[in-house]
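> Using only what follows, build the 3D model:
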Amino acid sequence: MSENKLLDLSFEFAVAIVNLVDGVIAPKSSYMTDQLARAGTSVGANIHEAQYAQSKKDFVAKLEIALKESNETSYWLKLMCETKRIDTATYQYTEKLCGNIRRLLIASCRTAKENAK
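Sure, this is the predicted structure:
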């Protein structure tokens, strides 16, 4: 694991999302899997992009986008679980990862905003 826990967790999460989406075989689920794939992989992409932000404001903006995407991902995960597209264990694992990332994002945004003052 590298020095940046948020980067590592978000990459692990993206891998979990890709594997989850690739494993869904329920018919007529493509609209949900597409949304889940987009939102879930966007979390890590925005966190990664924030590492090269042009300013503190840009850094916070990227992290806030990642936070919004993680929230959307939670919605799609819950919907897919409730509609039996994914099993409960898969839902719990990915939702736990998503929640951990969300908490780190909230703390990081708060700290970056305070440091910018």
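> Quick check: the gap between residue 73 and residue 52.
Per C-beta to C-beta, to the nearest Å, residue 73 is found 23 Å from residue 52. (Each C-beta comes from the backbone N, C-alpha and C, glycine too.)
> So if I had to pick from those two, which one is more boxed in?
residue 73 (27 against 9; other C-beta atoms under 10 Å).
> Need the per-residue pLDDT for that one.
Note on residue 73: pLDDT of 98.
> what does residue 1 give?
Predicted confidence (pLDDT) for residue 1: 47.
> same question, the one 10 residues further on
In the predicted model, residue 11 carries a pLDDT score of 96.
> Now it: which helix or strand?
helix 5-23 (DSSP states H and E).
> Tell me which other helices or strands that helix touches.
helix 30-50, helix 88-116 (3 or more C-beta pairs under 8 Å, 6 or more residues apart in numbering; DSSP states H and E).
> Give me the mean pLDDT for the first one.
In this model, helix 30-50 has an average pLDDT of 96.
> can you state the direction angle for it and helix 5-23?
160 degrees (axes from the mean of the first three to the mean of the last three C-alpha atoms, to 10 degrees).
> Tell me the helices and strands packed up against helix 30-50.
helix 5-23, helix 56-82, helix 88-116.
> of all those, which lies closest to residue 35?
Of all these, it is helix 56-82 that lies closest to residue 35, at 5.3 Å by C-beta to C-beta.
> any idea how far the closest one is from the chain center?
6 Å (C-alpha atoms, centre = their mean, to the nearest Å).
> any idea how far residue 78 lies from residue 88?
11 Å.
> which residues does the closest residue to residue 6 other than its chain neighbours contact?
Of all residues not flanking residue 6 in the chain, residue 104 sits nearest, at 4.9 Å (C-beta to C-beta, 6 or more residues apart in numbering). Contacts of residue 104 were listed using C-beta atoms under 8 Å, 6 or more residues apart in numbering, and they are 5-6, 9.
> same thing with residue 17?
36-37, 40-41, 73, 94.
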